[in-house]
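Undergrad: below are the sequence and a predicted model for it; my questions follow.
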Amino acid sequence: MKNKVWLNLEQLRLIDQTNKNTLVLKRRIKELMKSNDKRIYIIQILIALMCLPFIMGQQDQCQIDKTINQMIGQKFKPSAGQSSVYVTHLTFMDANTKTMMAQTVTAELINKAVVDGMQLAKNANSDLEINHPGHKLANTDGNVNKLVNIFWDVNLTKGDKIQKIVSELMDPNQVDAIVTGQYLEKKGDIINVRPFIVSKSKKSIVSKNHIFDKKQFLCEDPQTPSIKILCQSAHEKIRDSVKELLDTL
């Protein structure tokens, strides 16, 4: 009987200590939430330690479960209606002519590399929706040239340009991000390819820049030498850059 009384007192002591630790833990979690700290695994370990009475048979005393889970859930759960990120693609702009790239083999090859990169990103993140019906921009001269006119408007700041792209192109089409880029041919057979992403939520334009020698950019198709394709390295660099850019969303 004495042993039983001693055990109950010990359980009460642990419960009391748990309650004290819970208050400390709650304060610490609030600090982490404010700082957007990602040390959530530390919190999970602490929660497990605080639940020692549960392990000892006092299931009703593991009370931090509700309050702390609510705090964590409010911080880390996806916003309502925001689980999907709608991404659309527009053909690259020609930095020489400041218009949409002409419908050439080169433009088609770049588009293919971009689409492959978008698919890689989609495979890694199921929340991405690529050119989803009702959430995409038609890849037309009109839309690309509208983007071009905003992009090279010298009277607009970068922030103004982003806001205008969002209000005139993205919001009306319910799009969260636009994947596009610039293509520039320089003297000496140098080609500059710069894929970039316009993000509505971050109000930002993020890019990756690649410089190729023309011989390293266009190669012969091994099956049909008369047909030009992107050299494997060029295709992979553009593809992987698009994937990496989408990973930042």
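TA: Now that the structure is in, tell me what you want to look at. Note that the structure is predicted; figures quoted are calculated from it, not measured.

Undergrad: in this structure, which spans are strands?
TA: 85-89, 93-94, 99-100, 128-130, 177-186, 190-199, 204-207, 210-213, 218-220, 228-230 (DSSP state E).

Undergrad: rank the ones you listed by pLDDT, which is bottom?
TA: With a mean of 90, strand 99-100 has the lowest mean pLDDT of these.

Undergrad: that strand packs against which elements?
TA: strand 93-94, helix 141-151 (3 or more C-beta pairs under 8 Å, 6 or more residues apart in numbering; DSSP states H and E). Where you see a C-beta, it was placed from the backbone N, CA and C, and this is true even at glycine.

Undergrad: what residues does it touch?
TA: The contact list for strand 99-100 (C-beta atoms under 8 Å, 6 or more residues apart in numbering) reads 91-94, 141, 144-145, 148.

Undergrad: now those as TSV including neighbour count?
TA: Formatted as TSV, the contacts of strand 99-100 follow (neighbours: other C-beta atoms under 10 Å):
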residue	neighbour count
Thr91	23
Phe92	25
Met93	24
Asp94	19
Asp141	13
Val144	21
Asn145	14
Val148	21
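
Undergrad: just curious, which of those is nearest to Leu169?
TA: Taking C-beta to C-beta as the measure, Val144 is the one of the contacts of strand 99-100 closest to Leu169, at 10.1 Å.

Undergrad: distance check, the residue nearest to the closest one when sequence neighbours are not counted against His132.
TA: Distances taken as C-beta to C-beta, 6 or more residues apart in numbering place Met100 nearest to Val144, at 3.8 Å, with adjacent residues excluded. Applying C-beta to C-beta, to the nearest Å, the value for Met100 to His132 is 23 Å.

Undergrad: equivalent analysis for Ala124, please.
TA: Going from Ala124 to His132 by C-beta to C-beta gives 17 Å.

Undergrad: and for the closest residue in space to Lys164 that isn't next to it in sequence, the neighbour number?
TA: The shortest distance from Lys164 to any residue other than its chain neighbours is 5.0 Å, reached at Ile150 (C-beta to C-beta, 6+ apart). By other C-beta atoms under 10 Å, 17 other residues sit near Ile150.

Undergrad: least confident secondary structure element in the chain?
TA: Each helix and strand of the chain was given a mean pLDDT (mean pLDDT, DSSP states H and E); the minimum falls on helix 52-55 at a mean of 45.

Undergrad: hey, C-alpha coordinates of stretch 212-227 in PDB?
TA: Only the C-alpha atoms of stretch 212-227 are listed here, as PDB (Å, rounded to 0.1, in the frame of the first residue of the first chain):
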ATOM      1  CA  PHE A 212      26.800  30.000 -73.900                       C
ATOM      2  CA  ASP A 213      29.000  29.900 -76.900                       C
ATOM      3  CA  LYS A 214      26.800  29.300 -79.900                       C
ATOM      4  CA  LYS A 215      28.600  26.000 -80.600                       C
ATOM      5  CA  GLN A 216      27.800  24.900 -77.000                       C
ATOM      6  CA  PHE A 217      24.200  26.000 -77.400                       C
ATOM      7  CA  LEU A 218      22.900  24.500 -80.600                       C
ATOM      8  CA  CYS A 219      24.000  21.000 -81.700                       C
ATOM      9  CA  GLU A 220      23.000  18.600 -84.400                       C
ATOM     10  CA  ASP A 221      20.400  16.000 -83.700                       C
ATOM     11  CA  PRO A 222      22.300  12.600 -83.500                       C
ATOM     12  CA  GLN A 223      19.400  10.900 -85.300                       C
ATOM     13  CA  THR A 224      18.900  13.600 -88.000                       C
ATOM     14  CA  PRO A 225      22.000  15.800 -88.400                       C
ATOM     15  CA  SER A 226      20.100  18.400 -90.500                       C
ATOM     16  CA  ILE A 227      18.000  19.200 -87.500                       C
END
